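Prediction below, plus the sequence it came from.
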Amino acid sequence: MDADEILLTAEEKMEKALEVLTNEAKGLRTGRASPALVEHIRVEAYGSLLPIKQVASITTPDPRLLVIKPFDASILKDVEKAIQKSELGINPSSDGKLLRLAIPPLSEERRKQMVGVLKEISEKCKVALRNVRRDANKDADVAEDDGTLTEDQHRKVKDDIQELIKTYEKKVEEFLEKKSAEILQV
């Protein structure tokens, strides 16, 4: 592998780690209705487990209400059961055609717990970033050993990898601050 390949591979992997962080954080309740709260919940429908977003439309008519309308009315009860079994702690109300989920405001204690969960997710992302750095540094060492990189190129690649991880760790911190503020906002 040459220097550009090593850096490109490392950057792609770091970008994926950041993507995982944002996807995991979407499911955290902020006290506002968001389709991301329920779209990952799996529904027993048509003989298999499917995410709600594949079997129903999810809308937010106001900041404290989610409306879920199954594409097929016959699976409304299945969607309702799946939501009740989930860890959301919200009971849907049904009118026979769609489900309404009233999102209650979060207590201060619950908000702080959510921020704690977010910090754990962020820390996992940072660990993943460090693992990518370690692997990229190993690739650079191998490239130097087999003569693909000179000693100066090797040093430059390692410096570039370090700059890359600093950039991505900063992105994680910025995301953590922004999402924490969103969760703590009353």
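Alright, I've got the coordinates.

Could you use CA atoms for every contact and neighbour count after this?
Fine.

My guess is I68 contacts K97. True?
No - under the criterion of C-alpha atoms under 8 Å, I68 makes no contact with K97, lying 9.2 Å away.

And the two? Which one has more around it.
Each of I68 and K97 has its neighbours counted (other C-alpha atoms under 10 Å); I68 has more, 27 against 15.

does the more buried one sit in a helix, a strand or a coil?
strand (DSSP: H, G, I helix; E, B strand; the rest coil).

if I pick it, what's in contact with it?
Neighbouring residues of I68 by C-alpha atoms under 8 Å, 6 or more residues apart in numbering: A56, S57, I58, T59, L98, L99, R100.

Quick check: phi and psi on the closest residue to it other than its chain neighbours?
The shortest distance from I68 to any non-neighbouring residue, by C-alpha to C-alpha, 6 or more residues apart in numbering, is to I58 (4.6 Å). Backbone torsions for I58, taken as degrees, to the nearest 10, come to phi -120, psi 120.

next one: phi and psi at V43?
Taking degrees, to the nearest 10, you get phi -110, psi 140 for the backbone angles of V43.

what's the distance between it and V79?
6 Å (C-alpha to C-alpha, to the nearest Å).

Now do the shared contacts for the two.
Contacts common to V43 and V79, judged by C-alpha under 8 Å, 6+ apart, are I52.

Show me what counts as buried in the host helix or strand of M114.
In this structure, M114 sits in helix 108-145 according to DSSP states H and E. By 16 or more other C-alpha atoms under 10 Å, the buried positions in helix 108-145 come out as 111, 114-115, 118-119, 121-123, 125-126, 128-130, 132-133, 136-137, 139-141, 143-144.
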